[in-house]
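1. just need the structure, nothing else, for what follows:
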Amino acid sequence: RAALLEALPAPGVRSAASPAWNTYAIGFVGVNGVGKSTNLAKVCFWLLQNRYRVLIAACDTFRSGAVEQLRTHVRNLGALTIDGRCVADGLENGDSILELYERGYGKDAAGIAKDALAYARSQGFDVVLIDTAGRMQDNEPLMRALAKLIAVEQPARVLVVGAAVVGNGGGEDVGESLGR
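-> The predicted model follows:
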């Protein structure tokens, strides 16, 4: 947490009209069913508590129900009250505190992430959380698609969500596949 807070810009320092808006992006990667979306929601909760404006990019365009799961997380996170205001109500100036950026299923995940980052910068969001499809590191086509997303968007952080039973080898395999 401390390392992430050090790396993040202070929330709300810049205005949405600033051309130099530099949104901080975090990608969530891992194998199927380890809880990437749930961990993304937990990180989002923490960011909201620290007064960051967050855009969640729904880049899992493969798994049935992935976008709906993120909608549920956004709805639940929107019910939070921070500084006496409901997250879903947004800021006093009308800007959103939390939004979901989605473009449906079967689309290019890297393209969605690129568009989400452009939207976040134009709207003054502090952080973009990029949800990706789960994949096994031995599935070369899926890993190439993930590597493309990471290479194109170059998020400031890539969080590998994994099961405790995977061991050190799983993280090393994913890191090698992403070229990091």
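
2. so where does the most centrally placed residue in the chain fall, helix or strand?
-> Note on the chain: the residue nearest the mean C-alpha position is residue 129, at 1.4 Å, using Cα atoms, centre = their mean. In this structure, residue 129 sits in strand 127-132 according to DSSP states H and E.

3. listing partners with orientation, what would you give for that strand?
-> strand 24-29 (parallel), strand 54-59 (parallel) (DSSP bridges).

4. tell me the contacts of the residue nearest to the centre of the chain?
-> 26, 28, 40, 43-44, 47, 54-57 (Cβ atoms under 8 Å, 6 or more residues apart in numbering). In short, each C-beta sits where N, CA and C put it, glycine included.

5. which element is residue 43 on?
-> helix 36-49.

6. helices or strands up against that helix?
-> Helices and strands touching helix 36-49, as assessed by 3 or more Cβ pairs under 8 Å, 6 or more residues apart in numbering; DSSP states H and E, comprise strand 24-29, strand 54-59, helix 66-78, strand 127-132.

7. winner for burial among the ones you listed?
-> Compared across the helices and strands packed on helix 36-49, strand 54-59 shows the largest average neighbour count, a mean of 28 (mean count of other Cβ atoms under 10 Å).

8. mind checking how far it is from the chain centre?
-> Per Cα atoms, centre = their mean, to the nearest Å, the displacement of strand 54-59 from the mean C-alpha position of its chain is 5 Å.

9. what do you get for stretch 122-141?
-> Using Cα atoms, centre = their mean, the offset of stretch 122-141 from its chain centre is 6 Å.

10. list the pairing partners of the host helix or strand of residue 158 within its sheet, with orientation.
-> Using DSSP H and E, residue 158 maps to strand 157-160. Sheet pairing of strand 157-160 (DSSP bridges) gives strand 24-29 (parallel).

11. need the CA coordinates for the strand it pairs with. CSV is fine.
-> Output of strand 24-29 as CSV, limited to C-alpha atoms (Å, rounded to 0.1, in the frame of the first residue of the first chain):
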residue,chain,number,x,y,z
TYR,A,24,-2.1,6.1,-13.4
ALA,A,25,-3.0,2.7,-14.8
ILE,A,26,-3.0,-0.7,-13.0
GLY,A,27,-3.5,-3.9,-14.9
PHE,A,28,-4.8,-7.1,-13.2
VAL,A,29,-3.6,-10.3,-14.7
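
12. residues in contact with it: which ones?
-> 7-9, 36-37, 39-40, 43, 113, 117, 126-132, 146, 149-150, 153-161, 174, 178.
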